[in-house]
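Undergrad: Return atomic coordinates for the entry below.
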Amino acid sequence: MLRTLTTGVAATTLAAAALLAAAVPAGAANGTVGVRETVCAQDLYVRTAPVGAWMGTLYTGQTFLVEQVDGSWVYGFAYGDINRHGWVQNGWFC
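TA: As a prediction, this is how the structure comes out:
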């Protein structure tokens, strides 16, 4: 019984690690001030402030001009369907 429980816990831990690894695109990078970055995430929410109200979504291949980095958030101009300034989470660029 103990062996089965241990094997089950190990399998669950491995599955969780695989999900976390899949959540971040391979080669995803942080934004650089002054660079028009390409979005690698499937979708990236543009917000009015860090953790603020949603104002639009950037999709894979669309671009974002980084104007300011503030910890895990970046401010800049979202191109594509949005075409306005806003905040996105950092680390989702190619």
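
Undergrad: Please make it C-alpha for all contacts and neighbour counts, starting now.
TA: Will do.

Undergrad: Poorly predicted segments of the chain, please.
TA: For the chain, the stretches flagged by pLDDT under 70 are 1-28.

Undergrad: which residues of the chain fall in helices?
TA: Here the chain has its helices, by DSSP state H, at 2-23.

Undergrad: those strands in it, which residues are they?
TA: 36-38, 43-47, 54-59, 63-70, 73-78, 84-89 (DSSP state E).

Undergrad: Redo those as JSON lines? Include mean neighbour count and distance to residue 29.
TA: Formatted as JSON lines, the strands of the chain follow (neighbours: other Cα atoms under 10 Å; distance: least, Cα to Cα, whole Å):
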{"stretch": "strand 36-38", "mean neighbour count": "20", "distance to residue 29": "9"}
{"stretch": "strand 43-47", "mean neighbour count": "20", "distance to residue 29": "14"}
{"stretch": "strand 54-59", "mean neighbour count": "17", "distance to residue 29": "16"}
{"stretch": "strand 63-70", "mean neighbour count": "19", "distance to residue 29": "13"}
{"stretch": "strand 73-78", "mean neighbour count": "22", "distance to residue 29": "12"}
{"stretch": "strand 84-89", "mean neighbour count": "22", "distance to residue 29": "11"}
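
Undergrad: CSV for those, including distance to residue 30?
TA: Formatted as CSV, these follow (distance: least, Cα to Cα, whole Å):
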stretch, distance to residue 30
strand 36-38, 9
strand 43-47, 13
strand 54-59, 16
strand 63-70, 9
strand 73-78, 9
strand 84-89, 9
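
Undergrad: what sits against the residue lying closest to residue 80 once chain neighbours are set aside?
TA: Nearest-residue entry for residue 80: residue 62, 5.8 Å, with adjacent residues in sequence omitted and distances by Cα to Cα, 6 or more residues apart in numbering. Residues near residue 62 by Cα atoms under 8 Å, 6 or more residues apart in numbering: 38, 39, 79, 80.

Undergrad: Once you drop chain neighbours, what's closest to the first one?
TA: What it means is residue 38. residue 63 (4.5 Å).

Undergrad: My guess is the one you found contacts residue 41. True?
TA: No. With contact defined as Cα atoms under 8 Å, residue 63 does not reach residue 41; the gap is 11.1 Å.
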